[in-house]
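*Asks:* Here is a sequence together with a model predicted from it:
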Amino acid sequence: MVMNRRTMLASSVATLATPYFFTRVAQAAGPIKVGVLFSLTGGLSIIEKSLHDATMMAIAEINAAGGVMGQKVQAVVEDAASDPKTYNEKASKLVIRDKAVSVFGSYTSASRKAVLPVFEKRNSLYIYPTFYEGFECSKNVIYTNAVPNQQLSNFVPWVMKTLGKKKFFIVGSNYVFPREMAKVEKILIHQNGGEYLADEYLELGDSEWGSMVNKIKSSGCDAVLSNVVGDSIVAFYREFKNQGLSQDRIPICASVTSEIEIAAMGAEYAAGSFSSFPYFQAIDTDANKSFIERYRKFVNNPKAVTQSPLQSAYMGVHLWKQAAEKAAELEPLAIRDAMKGQEMDAPIGHVKIEPENLHTWLIPRIAQWQSDGQGKIVNEYPAPLMPLPYVAYGETESNLFCTGKGLDANKLKS
């Protein structure tokens, strides 16, 4: 028996990164540790606190149903404080010191970029719940929300054809997500015979929008494409209305503004504007209604709103549970491999993890915001759409840049 055990240990250590061998042994005897890493303080807490809550709700549901392979899931919670550097530090702690088998977290692309080196260096697994700009092909991240072809490829042409808008002012927060989304928007505007008049940015968290709104007023645009993020959204929409701009004449068409930001600003400031997401609270299905009711009960707030990254955070935990049980072990990359092709009927509808690029098949939707703070869905695809993280660079369903082998850089260059 001693020799067999030594043989097994030698083989395991030869093939696995040392921290995860010990993680798997430690996890076998007690609860399964996972990291929950969101901003509970700072400017991004307006949205990230809800993602934290949805993640904790899913973990609670899994534990109430018997856990994962009969073991309870233990959440190790960290506050990233709306700061990318803190995100990196907390991710390192969760992976190295806490030996979390996987981590659920992040909202902004800046925070995802900050933690990515930790998970790639340590061969750990990160589940990311936010729509993002694409242009990433990591073997250590599961992406459970939209990429640009699932959020903009339907949106910009719809605004031009249905609303008759041709001249666009693009505005965003000053970091990678808004700038990359603007690249896709410019391509789509050009392809559909329109023009963009400006491409302007303010720092993340900036609340002084007077000058920017003046630029919009004098630009001659007939629509605004907004990639503004966080609590800056509240300041932007309020200033837009306070300066007398009308959503009827110059609608804000947003890639970020959700139910939570609208609740924070007051519905009257967003009524008549549009957003594009795979998920809206207004989805009229029994599964979504049940989800909303359970979430409100979990956070003890009968008026709490749900929104796209919140729902994706929730379903990401359940997809992870399915994958862990399929893998029948807790080594991070084994769970990663078992995630490929995982499917479920979520509050958003039917979803599937694309085996090639670890992104999620989702249904694109567009909604117009109403005076009650809810979106009225005005456009919806009939079936989930394949995620193409490099669509802005020519990627198609028949010509994938990001596959299970990694990124084909030659295609990217061409």
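*Replies:* Right, received. Where do you want to start?

*Asks:* which secondary element of the protein has the worst mean pLDDT?
*Replies:* Lowest by mean pLDDT, DSSP states H and E among the helices and strands of the chain is helix 2-15, with a mean of 40.

*Asks:* quick one: the strands in the stretch 151-300 of the chain?
*Replies:* Counting by DSSP state E, counting those that start in this stretch, the stretch 151-300 of the chain has strands at residues 167-173, 195-202, 223-227, 252-254, 274-277.

*Asks:* so which of those strands gets nearest A383?
*Replies:* strand 274-277 (16.8 Å; CB to CB). For glycine as for every other residue, the C-beta is placed from the backbone atoms N, C-alpha and C.

*Asks:* would a markdown table of the strands of the stretch 151-300 of the chain with distance to P332, mean neighbour count and mean pLDDT be doable?
*Replies:* Formatted as a markdown table, the strands of the stretch 151-300 of the chain follow (distance: least, CB to CB, whole Å; neighbours: other CB atoms under 10 Å; pLDDT from 0 to 100):
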| stretch | distance to P332 | mean neighbour count | mean pLDDT |
| --- | --- | --- | --- |
| strand 167-173 | 32 | 23 | 98 |
| strand 195-202 | 36 | 16 | 97 |
| strand 223-227 | 32 | 26 | 98 |
| strand 252-254 | 35 | 26 | 98 |
| strand 274-277 | 29 | 27 | 98 |
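
*Asks:* can I get these in TSV with distance to L388?
*Replies:* Shown next, in TSV, are the strands of the stretch 151-300 of the chain (distance: least, CB to CB, whole Å):
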stretch	distance to L388
strand 167-173	21
strand 195-202	22
strand 223-227	19
strand 252-254	21
strand 274-277	16
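
*Asks:* Nearest to G42 among those would be which one?
*Replies:* Checking the strands of the stretch 151-300 of the chain against G42 by CB to CB gives strand 167-173 as the closest, at 14.2 Å.

*Asks:* what does the closest one rub up against?
*Replies:* For strand 167-173, contacts defined as CB atoms under 8 Å, 6 or more residues apart in numbering pick out 178-179, 181-182, 185-186, 189, 194-206, 212, 215-216, 219-230, 232, 236.

*Asks:* Strand partners (parallel or antiparallel) of that strand?
*Replies:* strand 195-202 (parallel), strand 223-227 (parallel) (DSSP bridges).

*Asks:* would TSV of those with distance to Y269 be doable?
*Replies:* Shown next, in TSV, are the strands paired with strand 167-173 (distance: least, CB to CB, whole Å):
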stretch	distance to Y269
strand 195-202	18
strand 223-227	13
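
*Asks:* who wins for proximity to Y143 among those strands?
*Replies:* Among the strands paired with strand 167-173, strand 223-227 comes nearest to Y143, with 18.1 Å by CB to CB.

*Asks:* what does stretch 109-121 rub up against?
*Replies:* Stretch 109-121 is contacted from outside by 37, 39, 80, 84-85, 87-88, 91-92, 95, 103, 105-106, 124-126, 128, 130, 132-133, 138-141, 175-177, 180, 204, using CB under 8 Å, 6+ apart.

*Asks:* Any quick ChimeraX command for the buried ones out of those?
*Replies:* Applying 16 or more other CB atoms under 10 Å to the contacts of stretch 109-121, the buried members can be selected in ChimeraX as follows:
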select :37,39,80,84,87,88,91,92,95,103,105,106,124,125,126,128,130,132,133,138,139,140,141,175,176,177,180,204
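
*Asks:* Which of the contacts of stretch 109-121 fall within helices?
*Replies:* In helices, defined here by DSSP state H, the members of the contacts of stretch 109-121 are P84, K85, Y87, N88, A91, S92, V176, F177, E180.

*Asks:* can you name the two of those residues that are farthest apart?
*Replies:* S92 and E180 (25.9 Å).

*Asks:* least trustworthy position among the ones in helices among the contacts of stretch 109-121, going by pLDDT?
*Replies:* Lowest pLDDT of these: V176, 89.
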